[in-house]
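Student: fold the following.
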Amino acid sequence: MNDLDALLTPEGRDLLDEVRDTAPADELAVATRLRREHPAELVSAAIGQARLRQRAAAKFATEDAQRMFFTPNGVEQSTRATVATYRARRFKELGVTSVADLCCGIGGDAIALARAGIRVLAVDRDPLTAAVARANADALGLAGLIEVREADVTEVDASSYDAVFVDPARRGGRGRIFDPEAYSPPLSWAVDTALKSPHAALKVAPGIPHEAVPAEAEAEWISDGGDVKEAVLWFGTAPGAVRATLLPGPRTLLSRGLPNPEVRPVGRYLYEPDGAVIRAHLVAEVAEEVGGGLVDETIAYVTADEPRPTAYASAYEITDQLHFSVKKLKALLREREVGVLTVKKRGSAVEPEELRRKVKPHGPNSATVFLTRVAGAPTMLIGHPAQDAKSAQNA
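Tutor: Below is the predicted model of the structure:
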């Protein structure tokens, strides 16, 4: 708290501007110079904050990150701005005008909600975290829409708000927490709170078991740039619905309740569904879109004989199918003069880097090898991104 208070002073803000672009290798020299004119503690706090802002630029727009304040946990656990903006837009489309943001952290979601024109009560029980959220609302000119309150979320009355958003802590002293009832607060409390509100969204880990999703909720898995970021349980929308949303876009694939695709021989094309599609158990929907089937009943790779455009999977043209053999793969890559090798795996214990070291790719060409199972047998599928399908996906 003392560090934050000091950084909010005119002297602290001037120091933050001065150390803004300091590279890690230059920190010692810069700190030594600045300590001749400023308190050592303030210089250390400014350089530490500059380092956090540089890390935060991966989640927030650089212009925002350079104005905001962060804690190490805040940078690690805050919602990526693109995801928060998408969620705020969904709230707005539901007609929501006010949200109680419970477990607000440093305020990433509150900022996105306020920018969507939604009034926010942002609550966190940690004094420093709440103070940082308040400082961020001020720094971005959103204090008129964001009220920050330091409190235990389980003691907050959210009945006067159109919606609640709950982002429980999913990390403890030993790392990530996988049991939803071990979240802080527990998922059961968050669900009870959600059911009392006209609309609600609960942010949960993307690995949440489908059987743990309440019948009253819509379940949405979200990826950004191909990386699965989170799952969200929505209340007051479409109970029982399942969707995968891909950002940027957004592009949303809804469950149609299809049976598992049939297993079929490997065709000319292989489709690798987006991680959000896999987490949402919507591989069957992708298979139907491309007219394909699975290479193995336990593997989420879809195969087809022709390229069909889909936003929900990456398409590859397969040139070779081999039983797993490092010797055979090495010989094929040498013959094709492959020096850039992308290794993907699903259903294989082989580590990509280990395989790459063994085959020693060398040459001007590139290829992708999939280490997987086909009809239960360890198999290598070699190919390259399908240009026709890729162009159609990006259209």
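Student: shaky segments in this protein?
Tutor: 1, 172-175, 388-395 (pLDDT under 70).
Student: next, count neighbours for the closest residue to Leu258 other than its chain neighbours.
Tutor: In this structure, Leu258 finds its nearest non-sequential neighbour in Ala284, 3.9 Å apart by CB to CB, 6 or more residues apart in numbering. For the C-beta atoms, the positions are set from N, CA and C on the backbone; glycine is no exception. Residues contacting Ala284 under the criterion other CB atoms under 10 Å number 19.
Student: cool, Asp17 as well?
Tutor: Neighbours of Asp17 using other CB under 10 Å come to 12.
Student: any figure for the gap between it and Ala88?
Tutor: 29 Å (CB to CB, to the nearest Å).
Student: quick one, helices of the stretch 101-250 of the chain?
Tutor: Using DSSP state H, counting those that start in this stretch, the helices of the stretch 101-250 of the chain run over 108-115, 127-139, 187-195.
Student: neighbours around the spatially closest residue to Ser184 that is not a sequence neighbour, how many?
Tutor: Excluding its sequence neighbours, the residue lying closest to Ser184 (CB to CB, 6+ apart) is Ala169, at 4.2 Å. Close neighbours of Ala169, defined as other CB under 10 Å, add up to 16.
Student: list the contacts of Ala169.
Tutor: 77, 103, 177, 183-184 (CB atoms under 8 Å, 6 or more residues apart in numbering).
Student: look up how far Val153 lies from it.
Tutor: 10 Å.
Student: also Val164?
Tutor: Distance of Val164 to Val153, computed by CB to CB: 9 Å.
Student: where do the contact lists of these two overlap?
Tutor: Leu102.
Student: what sits up against stretch 305-319?
Tutor: 244, 246, 249, 251, 253, 266-274, 277, 282, 285-286, 289-291, 302-303, 368, 370, 381-386, 388-390, 392-393, 395.
Student: most centrally placed residue in the chain?
Tutor: Residue closest to the mean C-alpha point of the chain, counted by CA atoms, centre = their mean, is Lys229 at 1.9 Å.
Student: wait, that one sits on Lys203?
Tutor: No - the criterion here is CB atoms under 8 Å, and Lys229 misses it with Lys203 at 9.6 Å.
Student: ok, now how distant is the residue nearest to Ser184 from Ala276?
Tutor: From Ala169 to Ala276 the distance is 23 Å (CB to CB).
Student: all strands of the stretch 101-250 of the chain, in order?
Tutor: Using DSSP state E, counting those that start in this stretch, the strands assigned to the stretch 101-250 of the chain run over residues 119-124, 146-150, 163-166, 171-172, 175-176, 199-204, 218-224, 227-235, 242-247.
Student: adding distance to Ala137, write these out as TSV.
Tutor: Shown next, in TSV, are the strands of the stretch 101-250 of the chain (distance: least, CB to CB, whole Å):
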stretch	distance to Ala137
strand 119-124	8
strand 146-150	4
strand 163-166	16
strand 171-172	24
strand 175-176	29
strand 199-204	20
strand 218-224	24
strand 227-235	23
strand 242-247	24
